[in-house]
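From the sequence below, what's the structure:
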Amino acid sequence: MSHAERSGKRDLTYSGWHRPASIRRYLGFRVASLLTVIDIDWCEACGYCGEPMALIETQEGNRPPKSAPIMRRLAERAGLPAFSVSYVVEDALIVAFRVRDLNGGDEQRLAPQEYADWLVSLRGEYPCCVQRRAVS
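Next up, the predicted model:
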């Protein structure tokens with residue numbers, strides 16, 4: 001992953017093309033309406049070796065995190081934890097987070113520093129991260 005945002009925008013061309021209103025030109029409406037797609041928001045990974053640590057579904061707003069059942073199933077298959085996160089923006093800054101473990105557990109409300117610490121905690125005792133922390 002790049003350490004800086006590259007474009008500051010999201011291209012919605014593929015998203016629009018994949019929707020039933022568009023793709024039915026090629027498949028017919030019945031088949032087109034059965035195609036399902038989700039975007040994968042975030043995969044937290046080890047900064048040293050690139051090993052995936054967790055899948056995270058995000059949304060802006062002060063509402064409960066999404067249930068994200070497809071993300072949960074994908075994480076189960078990959079053997080990864082999965083979370084849904086809502087975040088609140090004020091004056092172009094994120095001021096609060098709501099985090100839910102998609103495999104159960106209570107929702108957590110976290111301040112930005114707490115959320116940053118939580119992201120680090122996802123690495124837990126992963127060998128690559130532990131080894132690097134011992135060297136630093």
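
Show me the beta-bridge partners of the residue nearest to the spatial centre of the chain.
The centroid of the chain falls nearest to Ile56 when counting by C-alpha atoms, centre = their mean (2.6 Å). Per DSSP bridges, the residues bridged to Ile56 are Trp42, Phe83.

mind listing what it touches?
Contacts here follow C-beta atoms under 8 Å, 6 or more residues apart in numbering; on that basis Ile56 touches 41-44, 82-85. For every residue, glycine as well, the C-beta is placed using N, CA and C.

again, 10 Å this time
Residues near Ile56 by C-beta atoms under 10 Å, 6 or more residues apart in numbering: 40-44, 65, 68, 71, 75, 81-85, 99, 102, 119, 122.

and Ala54, how many neighbours?
Other residues near Ala54 number 19, with proximity taken as other C-beta atoms under 10 Å.

With Val88 instead?
One way to gauge burial is a neighbour count; for Val88, by other C-beta under 10 Å, it gives 14.

if I pick it, what's in contact with it?
Taking C-beta under 10 Å, 6+ apart, one finds 60-63, 94-98 in contact with Val88.

Check the gap between the residue nearest to the centre of the chain and Val99 for me.
Ile56 sits at a distance of 9 Å from Val99 (criterion: C-beta to C-beta, to the nearest Å).
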